[in-house]
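J.: Just need the structure, nothing else, for what follows:
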Amino acid sequence: MFRLTAPQSSVLLGVIVLAVVVVSLLLSFIRKKGVQRYYLLFMAATLVLGLGYLMFYAPSKVAVSLSEDALEVAVPPFIKKSWAYQDISQAYMADWTATDQEGLRPVQRTMGTSVGEYRTGWYKLANNQKALLMVNGTRSICLETASEVLLLAPDDLEGFRTALESKLGFEIK
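T.: So this is what the prediction gives:
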């Protein structure tokens, strides 16, 4: 399993958002009386748990796995999808800042997360193709199937490349 860790800036943003929510709710809790306190406490617990899941737990589970017969990408809570190796028509190293690969640049997020260079989820590319991104930067491995493009760059990109080459049976250039 090859993971993609969230950048420190997004973790810091999550901490700040949770701190602001908790402080606001505590101040409201002090001002409320009776049964309103219990409603506020329930809402606060639900909000803190939901935000904690979305900002800390889910990003820690972003990964790509290579099984015997398929590649699986997990981007909780949005995506868990697999592709058989024989469905991958092309595989190559990509960098959407290069002039010959500008079409791979993500232009619109359709479902996912984006914080700076960190992008996970479904995106529309400059060449109008639908793509699944799991990157933290512009350099990735591009996998093309009949219906979509995958741009994958786990933390151990070279290790992933070597493992994927052995599964596909050809070199990724």
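J.: what does whichever strand or helix holds residue 26 contact?
T.: In this structure, residue 26 sits in helix 8-31 according to DSSP states H and E. With contact meaning Cβ atoms under 8 Å, 6 or more residues apart in numbering, helix 8-31 is reached by 37, 40-41, 43-44, 47-48, 51-52, 55-56, 59, 115-116, 118. (Glycine included, C-beta is placed from N, CA and C.)
J.: let's see it at 6 Å
T.: For helix 8-31, contacts defined as Cβ atoms under 6 Å, 6 or more residues apart in numbering pick out 40, 44, 51, 55, 56, 115.
J.: Please convert the residues you listed to CSV, extending it with neighbour count.
T.: Supplementary listing: the contacts of helix 8-31 in CSV, determined by neighbours: other Cβ atoms under 10 Å:
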residue, neighbour count
40, 16
44, 17
51, 15
55, 18
56, 15
115, 16
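J.: Filter these down to just the ones in helices.
T.: Those of the contacts of helix 8-31 mapping onto helices are 40, 44, 51, per DSSP state H.
J.: Who are the contact partners of the last one?
T.: If I follow you right, that is residue 51. Going by Cβ under 6 Å, 6+ apart, residue 51 touches residue 18.
J.: Skip the chain neighbours and tell me the closest residue to residue 127.
T.: If the residues on either side of it in the chain are set aside, residue 127 comes closest to residue 103, at 3.3 Å by Cβ to Cβ, 6 or more residues apart in numbering.
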